[in-house]
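J.: I would like the atomic coordinates for the input below:
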Amino acid sequence: PGTPRTSLPGTPRTSRPGTPRTSLPGTPRTSRPGTPRTSRPGTPTSGFAAAQSPTVSEMEEVYYKALVKAPPRALQTFYETGTIDAVLHSARDLKAFLTRPVDCRAPVVQCGIRREKAGHHNVYPRFTLFMTGAHGEERILMTAKKRPNGRKSNYWICMEDCMHSDEDDVDRFSPLFLGKLSSNVGNDYALYRNDVDEHVPVLGDRQDLLAVRYVPSIGSGRGPRRIQLYGPRVDADGEHEAWYGPRGKEPILNAVKQRKFHDLVHLVNKPPVWNEYTQNYVLNFNGRVTIPSVKNFQLCFPDAPENVVLQFGRIGKNEFTLDLQYPLSPLQAFAAALSAMDLNKPFE
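T.: Reported below is the predicted structural model:
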């Protein structure tokens with residue numbers, strides 16, 4: 001015991017238990033522990049050819065795509081603590097918070113909207129979306145400005161309060177620009193943007209983000225608003241599915257008019273209840289809305305009216321509240337609120 005056994009000449013030496021066995025001539029050799037195993041013919045590899053190692057550029061590309069898909073740590077901190085200050089340290093974290101769907105495990109995100117109509121903003125008002133910080137201060141998230149465009153309504157939405165001049169000019173291809181909300185004659189609204197980065201299939205293509213339709217009431221045409229909201233579905237990575245056109249998919253509004261709903265999230269307004277005592281329609285906003293208005297609404301899934309996804313309402317002459325949750329993003333919710341505040345509704 002303890003001394004190596006000498007094999008007879010010409011005979012293979014038998015390995016002891018626990019030691020790697022020497023392969024016989026003509027048989028494939030089993031890889032030692034710690035060494036990469038060569039894939040057998042016909043078996044899938046891990047994204048790269050088995051006979052070729054990934055280059056540095058390929059590895060960097062895979063890492064960058066994973067980094068883009070992964071939610072920033074600041075978003076997780078916000079969903080855990082509810083403090084908006086966590087996403088305000090960098091423009092990347094703020095933009096991710098505004099454009100990504102709210103996490104399905106997160107509580108309701110409560111925001112406020114302020115409208116400015118004095119002076120130059122009397123005809124073309126400006127709207128500011130904000131949240132309350134850790135010490136009670138207001139934190140501006142987005143700003144929207146109505147643009148002059150004849151009979152149609154157009155709103156430009158930016159990340160920060162970057163509209164200071166009388167012209168309120170904003171570069172649509174700036175990193176601060178988030179999207180444009182446009183209407184036809186007042187019934188339908190579409191939120192979209194023109195992306196110009198390397199992740200877009202075709203540079204300059206229009207990316208549709210949301211569609212809102214206001215349906216006239218049955219009969220006289222007067223009464224509570226009937227709202228229908230459509231948006232791209234959320235994929236496995238927690239992102240809205242890319243909806244590009246015209247070289248890709250058709251605009252969301254066109255798909256809705258053709259009743260192609262299989263790739264869309266569909267929300268409808270929760271019907272208000274008639275109150276005999278007050279002689280008007282009422283909704284329960286749980287104290288978040290204090291002033292009656294035709295603009296107040298709650299959106300939910302058609303088959304789950306008890307689960308309110310988005311609610312908007314008035315609390316002052318130019319003050320509103322906006323609460324949202326999964327699967328909408330703050331940008332989509334803000335655009336839906338802008339469409340409700342637009343005065344270009346011929347059937348009301």
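J.: all helices of the protein, in order?
T.: 56-69, 73-81, 91-99, 252-257, 330-341 (DSSP state H).
J.: contacting residues for residue 123?
T.: residue 148 (Cβ atoms under 8 Å, 6 or more residues apart in numbering). Bear in mind the C-beta positions are built from the backbone N, C-alpha and C, glycine included.
J.: quick check: it vs residue 160, distance?
T.: 24 Å (Cβ to Cβ, to the nearest Å).
J.: and the nearest residue to residue 324 once chain neighbours are set aside, how many residues sit next to it?
T.: Distance criterion Cβ to Cβ, 6 or more residues apart in numbering; nearest residue to residue 324, sequence neighbours excluded, is residue 333 at 4.1 Å. The tally of other residues near residue 333 (other Cβ atoms under 10 Å) stands at 27.
J.: my guess is residue 333 meets residue 321, correct?
T.: No - between residue 333 and residue 321 there is no contact under Cβ atoms under 8 Å: 11.3 Å.
J.: quick one: low-confidence parts of the stretch 51-200 of the chain?
T.: Within the stretch 51-200 of the chain, the stretches with pLDDT under 70 are 51-72, 118-122, 149-150, 161-171, 185-186, 194-200.
J.: show me what contacts the nearest residue to residue 138 once chain neighbours are set aside?
T.: Computed as Cβ to Cβ, 6+ apart, the closest residue to residue 138 that is not its neighbour in sequence is residue 130, at 4.7 Å. Residues in contact with residue 130 (Cβ under 8 Å, 6+ apart) are 111-114, 138-141.
J.: what about the strands in the stretch 151-300 of the chain?
T.: Listed in chain order, the strands of the stretch 151-300 of the chain (DSSP state E, counting those that start in this stretch) span residues 154-158, 177-183, 188-194, 206-215, 226-232, 244-245, 264-269, 273-275, 280-282, 297-301.
J.: from the contacts of residue 130, which is closest to residue 183?
T.: For the contacts of residue 130, the minimum distance to residue 183 (Cβ to Cβ) is 18.4 Å, reached by residue 113.
J.: relative to residue 285, how far out is the nearest residue to the closest one once chain neighbours are set aside?
T.: Residue nearest to residue 113 in three dimensions, not counting chain neighbours: residue 320, with 4.2 Å by Cβ to Cβ, 6+ apart. Per Cβ to Cβ, residue 320 is found 12 Å from residue 285.
J.: how about residue 304?
T.: Taking Cβ to Cβ, one finds residue 304 at 18 Å from residue 285.
J.: looking at those two, which is more packed in?
T.: Comparing residue 304 with residue 285 by other Cβ under 10 Å, the one with more neighbours is residue 285, at 18 against 9.
J.: now do the shared contacts for residue 333 and residue 321.
T.: 111, 312.
J.: if we can go back for a sec, can you count the residues close to the residue nearest to residue 113?
T.: Count around residue 320 with other Cβ under 10 Å applied: 24.
J.: same check, this time on residue 340
T.: 23.
J.: give me the nearest residue to it, chain neighbours excluded.
T.: That would be residue 295: by Cβ to Cβ, 6+ apart, it lies 4.8 Å from residue 340.
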